[in-house]
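Chemist: this one's structure only:
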């Protein structure tokens, strides 16, 4: 932020660029520096990650539209070249040879979106759905185990009617059987079912509201 110099009478496009650099993207950088670590794969949803990468790509688009021509790089401010090179080397080592400046930011932002993010864009959403599916499996297994323990604990304290014991046993077996059968069905099929159920639920709920 301290290296980018803009004229005093900034136009709306320049204000938008500076806001993007200093707040929309800069806040993530500041947070990671303060933590002294890195973000984990689950710190952002797929949609949040997409929004961040869209903002990165906006820098290149702003340059393409000629919005950044009046901006300059302030050389008098000390530059932590070692830190910049370390971060850029993670994306692509060839960026290290580029001189620090506005053009470097433009090139990295444009190529990052096309070379790094776009190839994995759908994978982030797939990863999110798989994590949701795994949580569903864990929930079903936990409910089954809870029912089994509840039945065993209740039997210790009281005598159940035979008919009720049969019903509860059948329910527990069905739940466990359903959970085990899911392991035999591929993930894509399960995700397709989840999507159809969500659409059906949305349509039913939407119609009730109308």
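Modeler: Sure thing, it's come through. Quantities reported herein were computed from a predicted structural model and do not represent experimental measurements.
Chemist: tell me what the longest helix along the chain is packed against?
Modeler: Across the chain, the longest stretch assigned as helix under DSSP state H is helix 121-157. The helices and strands touching helix 121-157, judged by 3 or more Cβ pairs under 8 Å, 6 or more residues apart in numbering; DSSP states H and E, are helix 46-64, helix 162-182, helix 187-209. Quick note: C-beta positions are derived from backbone N, CA and C, even for glycine.
Chemist: try 6 Å this time
Modeler: helix 46-64, helix 162-182 (3 or more Cβ pairs under 6 Å, 6 or more residues apart in numbering; DSSP states H and E).
Chemist: Export those as TSV, with columns for distance to residue 108.
Modeler: Shown next, in TSV, are these (distance: least, Cβ to Cβ, whole Å):
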stretch	distance to residue 108
helix 46-64	9
helix 162-182	43
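Chemist: mind checking which of those is nearest residue 114?
Modeler: Judged by Cβ to Cβ, the one of the helices and strands packed on helix 121-157 that comes nearest to residue 114 is helix 46-64, at 8.2 Å.
Chemist: isn't residue 6 right up against residue 14?
Modeler: Yes: Residue 6 is within contact range of residue 14, at 5.4 Å (criterion: Cβ atoms under 6 Å).
Chemist: Who has more neighbours out of these two?
Modeler: residue 14 (19 against 15; other Cβ atoms under 10 Å).
Chemist: name the element the more buried one belongs to?
Modeler: helix 12-19 (DSSP states H and E).
Chemist: For that helix, which outside residues touch it?
Modeler: Helix 12-19 is contacted from outside by 6, 62, 67, using Cβ atoms under 6 Å, 6 or more residues apart in numbering.
Chemist: That one: which residues count as buried?
Modeler: Going by neighbour count (16 or more other Cβ atoms under 10 Å), the buried part of helix 12-19 is 14, 17-18.
Chemist: rewinding a little: turn the contacts of helix 12-19 into a markdown table, columns for distance to residue 163.
Modeler: Listed next are those as a markdown table, based on distance: Cβ to Cβ, whole Å:
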| residue | distance to residue 163 |
| --- | --- |
| 6 | 79 |
| 62 | 72 |
| 67 | 76 |
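Chemist: just these now: which is nearest residue 188?
Modeler: residue 62 (38.6 Å).
Chemist: count of neighbours near the closest one?
Modeler: 19.
Chemist: lowest-confidence helix or strand of the protein?
Modeler: When the helices and strands of the chain are scored by mean pLDDT, DSSP states H and E, helix 187-209 comes last with a mean of 73.
Chemist: hmm, who's touching that helix?
Modeler: Here helix 187-209 makes contact (Cβ under 6 Å, 6+ apart) with 129, 133.
Chemist: so it versus helix 162-182, what angle?
Modeler: Orientation of helix 187-209 against helix 162-182 (axes from the mean of the first three to the mean of the last three Cα atoms, to 10 degrees) gives an angle of 120 degrees.
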